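Undergrad: got a predicted model here, sequence first, then my questions.
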Amino acid sequence: MGHDFYPGKKCYYLQKTCTIYENRPIDPCQSYKCHWLASDDFPMWMRPDLCNALVTQRKTQQGLNYFEIIECGNKMDSEVLSWFIIWALNNNKNIYYQINGGFTRIGSKEFLECNL
């Protein structure tokens, strides 16, 4: 397509919607599934375009599972962040989340000390 695609870079083709949806690349557009799409852990109101947060399940270099929560669109509000934190604590999940451009971790001692 002639444009670079990588995490953290706004898609060249994304306006209000995808302008090349029918011809979008396999990676990352067709193959990527955010956690909201890939599982039934989250309620409908946590859909990325409704809560301004994109959740991706990842692994650390040491093999620990965690959930990366990135603000998308507007800033994530306190209700959304509170829901994620309570969900993580109640389910023993590690999370790495973005607020105002900075990142914070919550989780196990191993997760807090490891390299992402």
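TA: Nice, I can see it.

Undergrad: quick one: the helices in this structure?
TA: Secondary structure of the chain by DSSP state H: the helices cover 35-38, 48-51, 78-90, 109-113.

Undergrad: report the contact partners of the closest residue to residue 60 other than its chain neighbours.
TA: Nearest non-adjacent residue to residue 60, counting by Cβ to Cβ, 6 or more residues apart in numbering: residue 114, 4.8 Å away. Yep, even glycine has a C-beta here, placed from its N, CA and C like the rest. When contacts are counted by Cβ atoms under 8 Å, 6 or more residues apart in numbering, residue 114 touches 60, 61, 62, 64.

Undergrad: equivalent analysis for residue 54, please.
TA: Counted by Cβ under 8 Å, 6+ apart, residue 54 has contacts 34, 48, 69, 70, 71, 72.

Undergrad: which non-adjacent residue is nearest the first one?
TA: Going back to what we said before, that points to residue 34. Counting by Cβ to Cβ, 6+ apart, the residue nearest residue 34 is residue 54, at 5.5 Å.

Undergrad: ditto for residue 61
TA: residue 115 (4.8 Å).

Undergrad: then residue 85?
TA: residue 106 (6.3 Å).
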